[in-house]
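[1] Give me a 3D structure for the following:
(chains A and B)
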There are 2 protein chains.
Amino acid sequence: MQLFFAAASPYVRKVLVLAHERGLADSITLVPAATSPVKRDEAIVPHNPLGKIPALVTDDGMALFDSRVICEYLDTLPGGPTLIPAGEARWPALTLQALADGLLDAALLARYETFLRPEPLRWPDWLDGQLLKINTALDQLEARWMPHLGGPLDIGVVATACALGYLDFRFADMGWRASRPALAGWYAAFAERPSMRATAPG
Amino acid sequence: MQLFFAAASPYVRKVLVLAHERGLADSITLVPAATSPVKRDEAIVPHNPLGKIPALVTDDGMALFDSRVICEYLDTLPGGPTLIPAGEARWPALTLQALADGLLDAALLARYETFLRPEPLRWPDWLDGQLLKINTALDQLEARWMPHLGGPLDIGVVATACALGYLDFRFADMGWRASRPALAGWYAAFAERPSMRATAPG
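    I've put the predicted structure just below:
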């Protein structure tokens, strides 16, 4: 399989952490891609017309995107324990993934607003709106999701770890740990997993 | 079930079209919400810390989001034929949904850039980048996905129809049909389904 990839992308990291946890990482060839909302990487476009990563080309030649679809596909391949549960456990796992992905969507938009957009064209209300999403999501992780994060590994847990890793990578000054001690403690341990260490950005 | 909803949201529409197609619409109570990236609706936040719609509160009291998770949940309830296939048919259905959702993500960002952001702060490169995603996605729908769109109804087909409906609603001057006659012909027929007529925006 070929995965269009950038080391800084938290959505790519989610795919790779799942692949490592399931013992599939060696079957994935990484294809470096350099894409941004204002300058796309033309090599990706035949496989994903949105020009985004991750995109996966399977051994059968299927082009799959986005990260959720790729994760679900990889979870069906033979390997270690699956990360996307069936039955009643499916809904909290998928909703937690959506929470973490949504936190990341807001973080990416906040980064584009502050690092990509020319300074005179930045809009404080937009940035504040994205930061409010991030902080409210973090507050809910601390208040409601700690029992889930401390339970069996699933795609929601992986997505949450990748989201927190991205905040450390790109928003190191945000101080997200200050008012979320339980989440900070959980992440400190989770970040030591081999799958997380093997995929750290930067 | 309670669904936080706005008639103009294409992601809400995707959920509702699926609900209508499966005969579940009468079991959903719509809760009007008014949210934007710069002014959230506080009533949503306890159920979705991202402040986004759709969000579903199930009869068991679970709060589910985002639209993909809600669609998958509704697809497991007793009702008409399911729209998210198992087996090999799953991957094209989910990737087409991701393509349509990605087209919509770009369309929403383009709309925020042109209608929400104060005029002096708009960045043409950003708008151009989002429009390029939309147009490339439309081109690929025309070139590659017509056999799928003409096949059995699935979540990818529903998502595509909702994306095209949003372009007609908010980007009526775009003229997306001009160079995509097959897609235009398919959509003209699909838009007449009762599920689409019952959920038309505006």
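[2] Excluding covalently adjacent residues, which one is nearest to A:Val57?
    A:Gln2 (4.5 Å; C-beta to C-beta, 6 or more residues apart in numbering or on different chains). No exception for glycine: its C-beta is placed from N, CA and C like everyone else's.
[3] Please name the bridge partners of the one you found.
    A:Thr29, A:Val57 (DSSP bridges).
[4] do you know how far it is from A:Asp59?
    9 Å (C-beta to C-beta, to the nearest Å).
[5] And these two? Which one has more around it.
    Taking other C-beta atoms under 10 Å in any protein chain shown, A:Gln2 and A:Asp59 do not tie; A:Gln2 has more neighbours (15 against 8).
[6] Please look at the more buried one and A:Val31 and confirm they touch.
    Yes. The pair A:Gln2 / A:Val31 is scored as a contact, 5.3 Å apart, by C-beta atoms under 8 Å.
[7] which one is the most far-flung residue of chain A relative to its centre nearest to, not counting chain neighbours?
    Largest separation from the mean C-alpha position in chain A: A:Pro120, at 30.0 Å (C-alpha atoms, centre = their mean). Closest residue to A:Pro120 apart from its sequence neighbours, by C-beta to C-beta, 6+ apart: B:Leu121 at 8.0 Å.
[8] same deal with A:Arg40?
    Nearest residue to A:Arg40, sequence neighbours excluded (C-beta to C-beta, 6+ apart): A:Gly51, at 3.7 Å.
[9] name the element that neighbour belongs to?
    Under DSSP states H and E, no helix or strand contains A:Gly51.
[10] and it, what is it in contact with?
    The contact partners of A:Gly51, by C-beta atoms under 8 Å, 6 or more residues apart in numbering or on different chains, come to A:35, A:40-41, A:44-45, B:132-133, B:136.
[11] rerun that using 10 Å as the cut-off
    The neighbourhood of A:Gly51, defined by C-beta atoms under 10 Å, 6 or more residues apart in numbering or on different chains, consists of A:4, A:33, A:35-37, A:39-45, B:102, B:106, B:129, B:132-133, B:136-137.
[12] same deal with A:Leu149?
    A:96, A:141-142, A:156-157, A:160-161, A:182-183, A:186-187, A:190.
[13] Next, give me the two most distant ones among these.
    A:Gly156 and A:Ala182 (16.3 Å; C-beta to C-beta).
[14] Hmm, A:Arg22 and A:Cys75 touching each other?
    You called it Cys, but residue A:75 is Asp. Yes. A:Asp75 lies in contact with A:Arg22 (C-beta atoms under 10 Å); the separation is 7.1 Å.
[15] Do you have the strands of chain A handy? List them.
    In chain A, strands defined by DSSP state E lie at A:2-5, A:29-32, A:55-57, A:63-64, listed in chain order.
[16] Would you mind giving these as TSV with mean pLDDT added?
    Output for the strands of chain A, formatted as TSV (pLDDT from 0 to 100):
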stretch	mean pLDDT
strand A:2-5	98
strand A:29-32	97
strand A:55-57	98
strand A:63-64	98
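[17] Just the pLDDT for A:Gly80.
    The model reports A:Gly80 with a pLDDT of 89.
[18] again, but for A:Phe65
    98.
[19] what's the burial count for A:Ala188?
    If we define neighbours as other C-beta under 10 Å, then A:Ala188 has 11 of them.
[20] go on, A:Met146?
    Neighbour tally, A:Met146, other C-beta under 10 Å: 15.
[21] separation between it and A:Ala106?
    Computed as C-beta to C-beta, the A:Met146 to A:Ala106 distance reads 21 Å.
[22] Over to A:Met1?
    30 Å.
[23] follow-up on the earlier one: next up, the contacts around the residue nearest to A:Pro120.
    Applying C-beta under 10 Å, 6+ apart, the residues near B:Leu121 are A:117-118, A:120-126, B:113.
[24] Pull out the buried members of those residues.
    For the contacts of B:Leu121, a burial check counting by 16 or more other C-beta atoms under 10 Å in any protein chain shown picks out A:117, A:121, A:123, A:126, B:113.
[25] Tabulate those residues in TSV, adding columns for pLDDT and distance to A:Ser195.
    Formatted as TSV, the buried ones among the contacts of B:Leu121 follow (pLDDT from 0 to 100; distance: C-beta to C-beta, whole Å):
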residue	pLDDT	distance to A:Ser195
A:Arg117	98	34
A:Leu121	98	39
A:Trp123	98	38
A:Trp126	98	34
B:Glu113	98	37
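[26] Using TSV, lay out those residues together with distance to A:Gly80.
    Below are these laid out as TSV (distance: C-beta to C-beta, whole Å):
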residue	distance to A:Gly80
A:Arg117	42
A:Leu121	47
A:Trp123	45
A:Trp126	41
B:Glu113	43
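[27] Can you report how many residues lie near the spatially closest residue to A:Ala43 that is not a sequence neighbour?
    Nearest in space to A:Ala43, with sequence neighbours left out and distances taken as C-beta to C-beta, 6+ apart, is A:Ala33 at 6.6 Å. Burial of A:Ala33 is recorded as 22 neighbouring residues (other C-beta under 10 Å).
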